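J.: The sequence and its predicted three-dimensional model are supplied below.
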Amino acid sequence: MTITLYHFPAACSRVTMNALEEIGLSYDDVSVNMRALGQKAPEYLVVNPKGKVPAIDFKGHIMTENAAILWFLHSQYPAASLLPAQDDPLQAYQGLSDLVWCSGTIHPIVRQIRMPAKWTSGDPEGVRADGIDKMLQECITLSERIAQGWWYGPSWSIIDTYLYWAFSTAEKGGFPLDQFPVLVAHAERVRARPSFARVLAREQAALDAMGIADIVL
Ligand SMILES: N[C@@H](CCC(=O)N[C@@H](CS)C(=O)NCC(=O)O)C(=O)O
């Protein structure tokens, strides 16, 4: 039974890809060319009617929504420690709570910074500035929490990759990440993981295959 990830390089689907790499699963990756609005193409809408990445075909079951996919993968492959152990209900709650926060609070702020015109028919710069203000508040708290470690302290979790994806994408939209040396150092630690290096290699191969040369991974 195969596993297929539908993704676009540097989009939030890289968090799911990083989870697959951390677990060590064998999977196919299919690029959905968002530059060509591939996420809205009829053939992709058959896979994910929401018209978004990521989607995953997990052994014949189509799954969407990053948080739910990550939660599912963690439940199936607990040895990878993507999140706190699920056998303790309070720890399990914490992992789910953090995933929902990433997808429901942090990701929309990133979208507000990176694609403000999608939020307003008026001046997008006001929307972007509001997003940057919200992200600054989040980063002040996060810097204190992460310090020299990871989101959960001594051990990496998929929340670290999710947060890294959020900050780095916000930075591409003008967010001043360099004001937060703790988060810059955290980004370097996320990128230094062998699983993340494999993600970058697969994303680069996908970009090359699509003939896209101007996306920084
Ligand atoms: N709630 C979804 C959001 C996914 C999402 O917004 N994906 C973006 C890429 S980061 C996308 O596919 N955007 C294409 C579009 O909105 O047309 C999740 O967390 O998985």
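T.: Looks like it came in fine.
J.: how about the strands in this structure?
T.: 3-7, 28-31, 55-58, 61-64 (DSSP state E).
J.: Nearest approach to residue 129 belongs to which of those strands?
T.: Proximity to residue 129, assessed across the strands of the chain by CB to CB, is greatest for strand 3-7 (30.3 Å). Bear in mind the C-beta positions are built from the backbone N, C-alpha and C, glycine included.
J.: what's around residue 2, how many residues?
T.: By the measure other CB atoms under 10 Å, the count of residues near residue 2 is 10.
J.: actually residue 134, sorry about that
T.: Using other CB under 10 Å: residue 134 sits among 17 other residues.
J.: Can you verify my assumption that it contacts residue 112?
T.: Yes. Residue 134 lies in contact with residue 112 (CB atoms under 8 Å); the separation is 7.5 Å.
J.: Which pLDDT value belongs to the nearest residue to residue 30 once chain neighbours are set aside?
T.: Sequence neighbours aside, residue 6 is the residue nearest to residue 30 in space, at 5.1 Å (criterion: CB to CB, 6 or more residues apart in numbering). pLDDT for residue 6: 98.
J.: Residue 25 versus residue 17, what's the distance?
T.: Distance, residue 17 to residue 25, by CB to CB, to the nearest Å: 10 Å.
J.: Of those two, which one has the most company?
T.: Legend: neighbour count by other CB under 10 Å for residue 17 and residue 25, higher for residue 17 (26 against 15).
J.: Give me every residue in the protein lying close to the ligand.
T.: 11-12, 34, 39, 51-54, 65-66, 103, 107 (CB under 6 Å from any ligand atom).
J.: Name all residues that make contact with residue 7.
T.: 13-14, 16-17, 29-32, 53-54, 203, 206 (CB atoms under 8 Å, 6 or more residues apart in numbering).
J.: can you count the residues close to the closest residue to it other than its chain neighbours?
T.: Nearest non-adjacent residue to residue 7, counting by CB to CB, 6+ apart: residue 13, 3.5 Å away. By the criterion of other CB under 10 Å, residue 13 has 27 neighbours.
J.: I am finished for the moment; much appreciated.
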